[in-house]
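In: Predicted model follows, preceded by the sequence.
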Amino acid sequence: MNIAVVMGGYSDESVISIRSGQLILNNLDKNKYTPFELHILPEGWNVIIDGEKYPINKGDFSFEKNGQKTTFDTIVNTVHGTPGEDGHLQSYWELLEIPYTGCGFYQSALTFNKRDTLSVLAKFNIPRAKSIYLSKGDPITAEDVKETLGLPFMVKPNQSGSSLGVSKVNDLADFEKALEFAFAEDNDILIESYLKGTEVSVGVLNYKGETTVLGLTEIVSHNDFFDYEAKYLGKSEEITPARVDAATEKKIRETAAKAYEALGMSGFSRTDFIVMDGEPHFIEINTNPGLSPQSIFPQQAAHAGIAMSDLLDSEIALAQERKVLWKR
């Protein structure tokens, strides 16, 4: 099978995505698959072979080398942010009838939108922070936010990943700066009440046809919260398994699986919670979690004793099954 490992994207997360793609390339079973490295970047879509670039034909997602055309049997999608985590590429591949890993285009679009995700999960009684939704230009004052949410509070872009544009506001004097920082990433933002507790990140996936909680990782940030620097520049401790009691672990696992199924998910995911008084409060779900050596999902797979190559085999098989459903 020809497998396209697609990485990159149009956001600041593209560097992390390319690291994730390299891990996938290193873990695909070469006895089963012929993997190709594909970069989708603002400057172009290209297959990379021995350092040379071969442009993708967007008409059918193929490429040519030495006059020979190559197509793909399955796409392993590891594009973080837009256009690979918000449903755009998934819709395109589905129109071309090329199976791809991860969740479908609707689930991708839904979960990339924090406000809409919270709205869906509200129907399933999953605890979460109180929030205010704001579009650029909407009138609001720091005092309004404090009256509704208390202090401190979090300001974050509605559609963004890797904690880009996220701020914790401890002093109302910092509110305007936090708004500017978030609006630089998106025209819509969320302002949320601050949840003080233990941060836990939970890997969930459909493994061999069953919703499986891969593991729990406790996040101990050296910064004020788990920001980009803490995630990717070593300013945090990631403890797998999380240091929680058995009853709390059971509740986190059940809540994570419930959220995954409520959102109609498939594929790899990482759901973040803040645990307060033994109760997990939903923060967000990431449908293309980082797979670089520093990332949480591979740590959890290693602790669970499941090889990444086995997880990828399962993902590719599920993608092939999805193609059969399209044709019914």
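Out: All right, it came through fine. Here the structure is a predicted model, which means the values were calculated and not measured.

In: Pop the domain breakdown of this protein in here.
Out: Domain assignment for the chain, taken from automatic domain parsing, gives 2-101, 111-126+196-324, 131-193.

In: can you give me the end-to-end distance of the shortest one?
Out: The stretch domain 131-193 measures 6 Å between its terminal residues, going by C-alpha to C-alpha, to the nearest Å.

In: Also the first one?
Out: For domain 2-101, the first and last residues are 14 Å from each other (C-alpha to C-alpha).

In: circling back: mean pLDDT and mean neighbour count added to the domains of the chain, as a markdown table?
Out: Where C-beta positions appear, they are placed from N, C-alpha and C, glycine not excepted. What follows is these, written out as a markdown table (pLDDT from 0 to 100; neighbours: other C-beta atoms under 10 Å):
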| stretch | mean pLDDT | mean neighbour count |
| --- | --- | --- |
| domain 2-101 | 96 | 18 |
| domain 111-126+196-324 | 90 | 18 |
| domain 131-193 | 90 | 17 |
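
In: Give me the helices and strands touching the helix or strand in which S309 is found, please.
Out: Per DSSP states H and E, S309 falls inside helix 308-326. Packing contacts for helix 308-326, counted by 3 or more C-beta pairs under 8 Å, 6 or more residues apart in numbering; DSSP states H and E, involve helix 14-27, strand 74-77, strand 198-207, helix 296-304.

In: and the gap between E37 and E52?
Out: 11 Å (C-beta to C-beta, to the nearest Å).

In: re earlier: between the helices and strands packed on helix 308-326, which one is nearest to P280?
Out: With C-beta to C-beta as the measure, strand 198-207 is the member of the helices and strands packed on helix 308-326 nearest P280 (7.0 Å).

In: neighbouring strands for the helix or strand following the closest one, and are they parallel or not?
Out: Toward the C-terminus, strand 198-207 is succeeded by strand 210-221 as the next helix or strand (DSSP H and E). Strand 210-221 has the following sheet partners, assigned by DSSP bridges: strand 198-207 (antiparallel), strand 236-239 (antiparallel).

In: and S119, which of those is closest to it?
Out: Closest to S119 of these is strand 198-207 (C-beta to C-beta; 20.2 Å).

In: Next, the angle from the closest one to helix 308-326.
Out: Relative orientation of strand 198-207 versus helix 308-326 (axes from the mean of the first three to the mean of the last three C-alpha atoms, to 10 degrees): 60 degrees.

In: any idea of the angle strand 198-207 forms with helix 296-304?
Out: 80 degrees.

In: Name the residue closest to the centre of the chain, please.
Out: N286 (2.6 Å; C-alpha atoms, centre = their mean).

In: Nearest residue to that residue in space, ignoring adjacent ones along the chain?
Out: Leaving aside its chain neighbours, N286 sits nearest to R270 (4.6 Å; criterion: C-beta to C-beta, 6 or more residues apart in numbering).

In: residue ranges for the helices of this protein, please.
Out: Assigned by DSSP state H, the helices in the chain fall at 14-27, 88-95, 105-112, 114-122, 142-149, 175-183, 228-232, 246-262, 296-304, 308-326.

In: Of all the ones you listed, which one is nearest P157?
Out: Using C-beta to C-beta, these put helix 175-183 closest to P157, at 5.0 Å.
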